[in-house]
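Undergrad: From the sequence below, what's the structure:
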Amino acid sequence: MKKITLSLITLSLLGSLQSVSAFDLGSAMQAVSGASTQQADSSLISSLTSQLGITSSQAAGGTMALMNQAKNSLSADEYNQISKAVPGLSNTAENSALGSLSTMASSSVVDIFKSLGMESSMVEQFTPVILDYALKEGGPVIMDMLKGVL
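TA: Next comes the predicted model:
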């Protein structure tokens, strides 16, 4: 009886470990970016989807990855200026779930793009669209701040 109980517990634990080790960054990013689509400014998401032929989840996830990169590269004061001038853009980087995933998975922007089903070359295609949006919404000073870090 003890052996059967111990075997059942062992099998149960192994099953749990298997599901833990099966963490899929792509699926997690899809879930996060799907939720963040509402947070990201819809005109930016629309521009990205129409110009680049991607889904709104990919647009939101890619924007979040790039804005987190900008947040990590800029001073707090510079990033606050961007946040005030273009809140729709900076809100994407405030998504705590993405921050947790980025830290947990130690993923680069390119890795995040790949996990969203996009090629690494898409990073270069996102940048001018985001910079154009920053120029329209925040002006040339804001765009120049982002231009230096994207």
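
Undergrad: Point to the helix or strand of the chain where mean pLDDT is at its lowest.
TA: Least confident helix or strand, the chain: helix 2-21 with a mean of 39, by mean pLDDT, DSSP states H and E.

Undergrad: shaky segments in the protein?
TA: Applying pLDDT under 70 to the chain flags the ranges 1-41, 90-106.

Undergrad: how about the helices of it, start to end?
TA: Secondary structure of the chain (DSSP state H): helices at 2-21, 25-36, 42-52, 56-73, 76-85, 87-90, 96-105, 109-115, 122-138, 140-147.

Undergrad: Next, the buried residues of stretch 82-90.
TA: Residues of stretch 82-90 classed as buried: Ile82, Ser83, Ala85, Val86, Gly88, Leu89, Ser90 (neighbour count, 16 or more other C-beta atoms under 10 Å). From N, CA and C alone the C-beta is placed, and that goes for glycine too.

Undergrad: got CSV for these, with distance to Lys71 too?
TA: Supplementary listing: the buried residues of stretch 82-90 in CSV, determined by distance: C-beta to C-beta, whole Å:
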residue, distance to Lys71
Ile82, 9
Ser83, 9
Ala85, 14
Val86, 13
Gly88, 15
Leu89, 11
Ser90, 8
